[in-house]
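Novice: Let me see the structure of the following:
(one chain, ligands or ions: 1)
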Amino acid sequence: MSSNSPDFFGQLEQQLQQREDNHLMRKRHTLESPQGARVVVAGKSVLNFCSNDYLGLANHPKMIEAFTKAANTYGVGGGASHLVCGHTTEHHRLEELFAERTGRDRAVLFSTGFMANLGVITALLDKPDAVFEDKLNHASLLDGGLMSGAKFQRFLHNDMSSLQKRLDKTEARRKLICVDGVFSMDGDKAPLKELAAIAKNNHAVLMVDDAHGIGTLGKTGMGLCEEQGLTQDDVPILMVTLGKALGSFGSLVAGPDVLIDTLIQFARPYIYTTSMPPAVAAASSQGLLLLEEESWRRTHLQQLIDYFVAEASLIGLPLMPSSTAIQPLLLGDEKLALQWQKTLLDHGLWISAIRPPTVAKGTARLRITITAGHSTEDIDLLLDVLKKLNRSTDAGAL
Ligand SMILES: *Cc1c(COP(=O)(O)O)cnc(C)c1O
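Specialist: Next up is the predicted model:
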């Protein structure tokens, strides 16, 4: 390298500048209140339409009570990894509760969903194997597939013939198909019945990451598998996160005994990390109980979603096809998405602009999320501002 090329940090500066120039710079906003339909940012109260706290449980009195009670019993820190001395009754109770509710043999608790996906895929696959992933899968599923060393293949989004074509060509020892249940940036659902059939016909195993389905879908809130009537036999590897609709933090993987035993022995992000605070696990268990006790939250959420979709179509908003709490408005251009975000915030509405590389180039969008904490009036306010924005070609003119 020549002496006048930038040094290590100089190169990073250039990379950051480029991101800024391309309207792709990410910024953090500091929250001064608990999660909820209304939050305080920079001293201003705003309506929150970008949280994944879909059921409004993150600040629920019973969640706080469960958390506090467990903290009084177990203290704060987990103290060690699960295989050393960090596995408490609270962690264990959560695993058992989830396995029971989802009709799975067993479950194991990971500290985050990202770690669970890395841990599962790398523990199950190696070089002679193959992993088949939907193009729009979450980053953690994609990274897990890449890290595993298995042959990594992506198929077109929700396209079963694209998947079948790839399966036809493989001679891999073990075959794993991985999908998001509800796609995190699009809000649409994976065709689980078809995927389960394809997996069976091709001697592959299906793994579903139901981060956005758990809590919000299914009669008892057990997610997309429950909604579509799929059992452990159809979806042998079920992964869910606890930081979204469940209002807490962490992740569970459920399935047959052999899966759970393998993960406990071989999943590195499980083995080599400190267990989460027991109080967090206790709050998650409480969240699971609330899915049943307060099923009205799910009903109310679905009513708000249906209302939003119907009204938004009437006024011609560029909605993407979704019937879930994730309702993206496709704007295409990054700069335009940022403009809309800013105008919305000026009107007291907080919605996040999602840009590449999180989504494909030319598909920048506003990712609107609706929660059970919202009211019809909140949705009307949102629709009102979006309607005005949609009419004015220049968002700045509003
Ligand atoms: C949020 C999310 C994860 C990561 O879960 P964390 O517990 O937040 O690390 C994994 N998969 C999907 C689809 C997600 O949306």
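Novice: What parts of the protein come near the ligand?
Specialist: Residues of the chain lying near the ligand by CB under 6 Å from any ligand atom: 112-114, 117, 138, 140, 180, 184, 209, 211-212, 241, 243, 251. Glycine gets a C-beta too; all of them are placed from N, C-alpha and C.
Novice: Mind doing that once more with 5 Å?
Specialist: By CB under 5 Å from any ligand atom, the part of the chain that sits against the ligand consists of Thr112, Gly113, Phe114, His138, Ser140, Asp180, Ser184, Asp209, Ala211, Thr241, Gly243, Ser251.
Novice: Who wins on neighbours among those?
Specialist: Asp209 (31 neighbours; other CB atoms under 10 Å).
Novice: how much space is there between that one and Ile370?
Specialist: 21 Å (CB to CB, to the nearest Å).
Novice: cool, Lys27 as well?
Specialist: 24 Å.
Novice: Please say which of those two ends up with more neighbours.
Specialist: Neighbour totals were compared for Lys27 and Ile370, and Ile370 leads with 25 against 4 (other CB under 10 Å).
Novice: Is the more buried one in contact with His300, as I believe?
Specialist: No. In this structure, Ile370 is not within contact of His300 by CB atoms under 8 Å, at 10.1 Å.
Novice: In the stretch 251-398 of the chain, what residue lies closest to the ligand?
Specialist: Ser251 (4.9 Å; CB to the nearest ligand atom).
Novice: Okay, and the beta partners of that residue?
Specialist: Counting by DSSP bridges, Ser251 is bridged to Phe110, Thr241.
Novice: Quick one: residues contacting it.
Specialist: Under the criterion of CB atoms under 8 Å, 6 or more residues apart in numbering, the contact list for Ser251 reads Leu109, Phe110, Ser111, Thr112, Gly113, Met115, Ala116, Met239, Val240, Thr241, Leu242, Gly243.
Novice: The same query, at a cut-off of 7 Å, please.
Specialist: Phe110, Thr112, Gly113, Ala116, Met239, Val240, Thr241, Leu242 (CB atoms under 7 Å, 6 or more residues apart in numbering).
Novice: Repeat that for Val179.
Specialist: Val179 touches Asp134, Asn137, Ala190, Leu195, Val208, counting by CB under 7 Å, 6+ apart.
Novice: Give the burial count for the second one, as a bare number.
Specialist: The local packing of Asn137 (other CB under 10 Å) involves 23 other residues.
Novice: Hmm, it is touching Ile177, no?
Specialist: No. The criterion here is CB atoms under 7 Å, and Asn137 misses it with Ile177 at 10.6 Å.
Novice: in the stretch 51-200 of the chain, what residue is nearest the ligand?
Specialist: Gly113 (2.2 Å).
Novice: Now do the contacts for that residue.
Specialist: Going by CB under 7 Å, 6+ apart, the list of residues near Gly113 reads Ser140, Ala211, Thr241, Ser251.
Novice: same question, Ile370
Specialist: Counting by CB under 7 Å, 6+ apart, Ile370 makes contact with Leu301, Leu304, Ile305, Phe308, Ala325, Gln327.
Novice: ok, the fifth one to Ile214 distance?
Specialist: Put plainly, it is Ala325. For Ala325, the distance to Ile214 - CB to CB - is 12 Å.
Novice: what about those two, which has more around it?
Specialist: Of the pair Ala325 and Ile214, Ile214 is the one with more neighbours under other CB under 10 Å, namely 32 against 28.
Novice: what's that one in contact with, if anything?
Specialist: Ile214 neighbours (CB under 7 Å, 6+ apart): Met222, Gly223, Val240, Ala245, Leu246.
Novice: which one of those residues is nearest the ligand?
Specialist: Within these, the smallest distance to the ligand is 9.1 Å, found for Val240 (CB to the nearest ligand atom).
Novice: In terms of helices and strands, where is the closest residue in space to that closest one that isn't next to it in sequence?
Specialist: In space, and not counting its chain neighbours, Val240 is closest to Ile214: 4.0 Å by CB to CB, 6 or more residues apart in numbering. In the assignment (DSSP states H and E), Ile214 maps to no helix and no strand.
Novice: got it, and Arg173?
Specialist: Secondary structure assignment for Arg173, by DSSP H and E: no helix or strand.
Novice: Over to Leu382?
Specialist: With DSSP H and E as the test, Leu382 turns up in helix 376-391.
Novice: circling back: looking at the residues of the chain next to the ligand, which are in helices?
Specialist: Gly113, Phe114, Ser140 (DSSP state H).
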